[in-house]
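K.L.:
Provide a 3D model corresponding to the input given below.
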Amino acid sequence: MTTNTGALAGKSSTPMTSQWLSWLMVVTLIYLLLAAVGAIGDGFKAATGDNAKELFAFATNPFVGLMIGLAATALIQSSSTVTSIIVGMVAGGLPIPIAIPLIMGANIGTSLTSTIVSLGHIRSGEEFHRAFAAATVHDAFNITAVTILLPLELLFHPLQRLSEAFAGLLVHDSVDVDMKSMNFMSTLLSPATDLLEASVAWLPNKVWAGIALIIIGVGLILFVVQAIGKVLRKVMVGRAKDIMHASVGRGPVSGIASGAIITVLVQSSSTTTALIVPLAGTGVFTLKQVYPFTLGTNIGTCVTALLAATAISGPTAELAMQIALVHLLFNLFGITIIYVLPFLRGIPPTIANFLADMAQRSKLYVGAYIGGVFFGLPLLLIGGSQL
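P.N.:
Okay, here's the model as predicted:
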């Protein structure tokens, strides 16, 4: 009997040890993410000096900036990665007005994943219609939000002004106290920062060292966001599914909240939408239930950029926090304007149903839609701006 009890205790402790190791890995990866964002900011400053604005002159056209954000996110398949990189670039001198359309484009680009997941149902007509509509309602909402909010931002700058005010409240600089010496995050990250800077110190000048730091930072962010997603999916996806099943069908507020919570848990809006699209395809959830859930994923995915902004210290800390808040405010404004107002609420589902009808008629429409919206149109506009 003693041996059996010992064996049972050993079995129960193994999953517990595995969970602790998984969470330790998450903490380590978050540390690397923060170090990577700081590296991009430092590298950008070193490489551009005071010429960051001139370097991104081609993106001063907001529509080109929007397309760059869209195409980059569609290619990388992670808005968390792209927004973290943008936070680092803003810390390094990228102007906020140029960064805002990039952030909006990232919001559209991330919705490609769910559209690709829906293709798993392509052999079953009605099932595919439901899955494709559930996937493209996310695309349609994000495109509608940009259509409304980008012109408003260009005319009146509500996102820039509000984010600046909130960032000022969150990031304090005192003239009487050397904040850098008291900055806990800066002290915590200094070993990693010093190591990264030392790794490029052998390069001939500051410009090359800066470019190398940017490349290392981007590579680290790509690795970390993917790795965090894998670890958290392993630990949290079972719980995420429980939350989804318990709350998605209870109404729009519950749906939005569950979408946000699950996305924070698994650190990937792509994963969250990929979980619900097959359930919509098989008829477990309706388009009406999926719609608010996808809006919640837009809120949940903002956490990574906000976390990344905490890695920045010194005079650009407020700017880094500001662009992270722009991402959050953009999604909150989009939900408030589009979902709360009855005459706008029905637009994304109507577009999604229309796209699903077209996709069900011919699979060529699916290829044209994915290729055109996420790659063809962005690359055409970016290329045309250079002529």
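K.L.:
just the CA trace of the host helix or strand of I262, in PDB.
P.N.:
Under the criterion of DSSP states H and E, I262 resides in helix 252-266. Extracted in PDB, the C-alpha atoms of helix 252-266 (Å, rounded to 0.1, in the frame of the first residue of the first chain):
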ATOM      1  CA  PRO A 252     -22.700  40.700 -25.600                       C
ATOM      2  CA  VAL A 253     -21.100  42.000 -22.500                       C
ATOM      3  CA  SER A 254     -20.200  38.500 -21.300                       C
ATOM      4  CA  GLY A 255     -19.000  37.700 -24.800                       C
ATOM      5  CA  ILE A 256     -16.700  40.700 -25.000                       C
ATOM      6  CA  ALA A 257     -15.300  40.100 -21.500                       C
ATOM      7  CA  SER A 258     -14.600  36.400 -22.200                       C
ATOM      8  CA  GLY A 259     -12.900  37.300 -25.500                       C
ATOM      9  CA  ALA A 260     -10.600  39.800 -23.600                       C
ATOM     10  CA  ILE A 261      -9.900  37.400 -20.700                       C
ATOM     11  CA  ILE A 262      -9.000  34.400 -22.900                       C
ATOM     12  CA  THR A 263      -6.800  36.500 -25.100                       C
ATOM     13  CA  VAL A 264      -4.900  37.800 -22.000                       C
ATOM     14  CA  LEU A 265      -4.600  34.200 -20.800                       C
ATOM     15  CA  VAL A 266      -3.200  32.800 -24.000                       C
END
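K.L.:
helices and strands around it, which ones?
P.N.:
helix 206-247, helix 269-281, helix 287-300 (3 or more Cβ pairs under 8 Å, 6 or more residues apart in numbering; DSSP states H and E). Just so you know, the C-beta spots here come from the backbone N, C-alpha and C atoms, and that holds for glycine as well.
K.L.:
turn those into a markdown table, including mean neighbour count and distance to D42.
P.N.:
Formatted as a markdown table, those follow (neighbours: other Cβ atoms under 10 Å; distance: least, Cβ to Cβ, whole Å):
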| stretch | mean neighbour count | distance to D42 |
| --- | --- | --- |
| helix 206-247 | 18 | 6 |
| helix 269-281 | 25 | 28 |
| helix 287-300 | 25 | 29 |
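K.L.:
looking at those helices, which is closest to L307?
P.N.:
helix 206-247 (10.5 Å; Cβ to Cβ).
K.L.:
for the chain, which segments count as strands?
P.N.:
Per DSSP state E, the chain carries no strands over any range.
K.L.:
give me the helix or strand of it that scores worst on average pLDDT.
P.N.:
Ranking every helix and strand in the chain by mean pLDDT, DSSP states H and E puts helix 179-182 at the bottom, with a mean of 38.
K.L.:
show me what counts as buried in the helix holding I262.
P.N.:
252, 254-266 (16 or more other Cβ atoms under 10 Å).
K.L.:
my read: A145 touches I338, true?
P.N.:
Yes. The pair A145 and I338 passes the contact test of Cβ atoms under 8 Å, sitting 6.2 Å apart.
K.L.:
what about the stretch 51-200 of the chain, any weak spots by pLDDT?
P.N.:
Flagging of the stretch 51-200 of the chain using pLDDT under 70 yields the residue ranges 51-60, 172-186.
K.L.:
how far away is T350 from T136?
P.N.:
11 Å (Cβ to Cβ, to the nearest Å).
K.L.:
so where's the stretch 251-387 of the chain uncertain?
P.N.:
267, 385-387.
K.L.:
switch to 90 and redo it
P.N.:
Within the stretch 251-387 of the chain, the segments meeting pLDDT under 90 span 251-252, 255, 258-259, 261-285, 301, 303-305, 307-317, 360-363, 375-387.
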